[in-house]
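In: sequence and predicted structure below; questions after.
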Amino acid sequence: MTAAEPLQGTPLIAPSTTDHPLYEQVVEACRTVYDPEIPVNIYDLGLIYTIDISPENAVNITMTLTAPGCPVAGDMPGWVADAVEPLAGVKQVDVHLTWEPQWGMDMMSDEARLELGFM
C-alpha cells in the first residue's frame, strides 16, 4: 500500500452527523447556494461531502467544486458559511475545500440530473 491509498475500510468521504437536530437545517441552507455556472444548488450537485456538527453546534463542512479551475473557488466556501451561520443554534461554521475524491457527475442527486436533462 502506498501513502496515497486510503486504509481499507476508510471512506473517502467522512460520514455526516445526520442525527444532529441541526442537520436538516444546515442541508437546507446549503441548498440556497448555487454554482453560478450551473442552475442547480451545490447540495444537489453533490459538492457538499460532509456536514459534521459537534455537540456544541460547531458546524464543519467539507466540500468540493466541479473543477479545480472553477472561477468561484475562492468565494464559494464563504457563500456556504454565510448561508449556514445565521441558523439559530449554530455556534460557528468552518468550510473546508477538498479535491479528494474528485467530484463526478455521478455525485449529483436524481433531482439535479433531471434538472440538467441527464435523466
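Out: Thanks, I have it.

In: hey, let's count contacts and neighbours off CA atoms from now on
Out: OK.

In: give me the distance between the residue positioned nearest the centre of the chain and Ser16.
Out: Centroid-nearest residue in the chain: Ile48, 1.2 Å away (criterion: CA atoms, centre = their mean). For Ile48, the distance to Ser16 equals 10 Å [CA to CA, to the nearest Å].

In: same question for Leu114.
Out: 25 Å.

In: what are the C-alpha coordinates of the lowest-mean-pLDDT helix or strand in the chain, in PDB please?
Out: Ranking every helix and strand in the chain by mean pLDDT, DSSP states H and E puts helix 110-115 at the bottom, with a mean of 88. Extracted in PDB, the C-alpha atoms of helix 110-115 (Å, rounded to 0.1, in the frame of the first residue of the first chain):
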ATOM      1  CA  ASP A 110     -31.600  12.500  -9.100                       C
ATOM      2  CA  GLU A 111     -33.300  15.900  -8.900                       C
ATOM      3  CA  ALA A 112     -30.100  17.600 -10.200                       C
ATOM      4  CA  ARG A 113     -29.800  15.100 -13.100                       C
ATOM      5  CA  LEU A 114     -33.400  15.700 -14.000                       C
ATOM      6  CA  GLU A 115     -33.000  19.500 -13.800                       C
END
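
In: ok, now which ones touch the residue nearest to the centre of the chain?
Out: Ile42, Ile61, Thr62, Met63, Thr64 (CA atoms under 8 Å, 6 or more residues apart in numbering).
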